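Student: Sequence and computational prediction follow.
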Amino acid sequence: MHCGATAVAVSPLPAVPSAYWQFGPVRVWQLPHVPGTRGEPQARELLAAQLGGSAQNLPLTRDERGRPWLIGALARYGTGWSHSGGHLLVALGEQVRLGVDLERQRPRVHMRQVIRRFFHPAEIDWLDALDTAAREHWFFRVWCVKEALLKAHGHGISFGLHKLRFAPDAAGALQLVWCDPGLGQASRWQLHEWQAADDFRAALAWYPL
């Protein structure tokens, strides 16, 4: 500690929850999270509890874009996490590449401008034709699943939100109907979206290795 620094009391991390969502080979846990703090310390604790060993010695690293990877003896596992407000999601799966995202659903003053600037042209036409309530509903769902998939890819939204196109099927589930060749074939991606908590939308994207 530097001279003159003030020690800040840190509350103990919550116990690893026993309940989780299961999507194929991927499990997703939800933990309470302190807003404004990093998610990695809690993610390390949970992953270590699942995989063995200590959080400090977990073979977890990040690449140049900040994407987390398990390496060494745990390289066969894919992981990722996302936090928003007071919630943290942590995903873990064997022999998969995955991305997870959590978004707080709240009014966005410039929503239409964001859609027109960043989304695929067909998505713009679809969302522009909706009333305000429907547009807000679908905006958060589309944004969340785009982020999850681009996190799995590894480049994040800098790859371009317009380079993948989603549309709802007859049952109201979002489908990846087209994507840039850099993301591979659209058919290989497995997508899951759900309401993680009141006003919080979650999405998971993965494919088998």
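Tutor: Done, it's in.
Student: CA only for contacts and neighbour counts going forward, please
Tutor: Noted.
Student: Going by neighbour count, list what's buried in the lengthiest helix in the chain.
Tutor: Identified as the longest helix of the chain according to DSSP state H is helix 132-153. If you call a residue buried by 16 or more other C-alpha atoms under 10 Å, then helix 132-153 has these buried ones: 135-136, 138-153.
Student: and the end-to-end length of stretch 67-82?
Tutor: 12 Å (C-alpha to C-alpha, to the nearest Å).
Student: Could you tell me how far it lies from the centre of the chain?
Tutor: On the basis of C-alpha atoms, centre = their mean, to the nearest Å, stretch 67-82 sits 14 Å off its chain's mean C-alpha point.
Student: again, but for stretch 60-72
Tutor: 15 Å.
Student: got the buried residues for stretch 161-180?
Tutor: 161-167, 174-176, 178-179.
Student: end-to-end on it?
Tutor: One end of stretch 161-180 to the other measures 10 Å (C-alpha to C-alpha).
Student: Point out where the chain drops to low pLDDT.
Tutor: Residue ranges of the chain with pLDDT under 70: 1-16.
Student: The longest helix of the chain - contacts with which helices or strands?
Tutor: Contact partners of helix 132-153 among helices and strands, from 3 or more C-alpha pairs under 8 Å, 6 or more residues apart in numbering; DSSP states H and E: strand 96-104, helix 111-118, helix 121-128, strand 190-197, strand 200-208.
Student: Summarise which helices and strands the fourth one is packed against.
Tutor: Of the remaining helices and strands, those touching strand 190-197 by 3+ C-alpha pairs under 8 Å, 6+ apart are helix 132-153, strand 200-208.
Student: before we move on, what about the last one?
Tutor: Under the contact criterion of 3+ C-alpha pairs under 8 Å, 6+ apart, the helices and strands touching strand 200-208 comprise strand 96-104, helix 132-153, strand 190-197.
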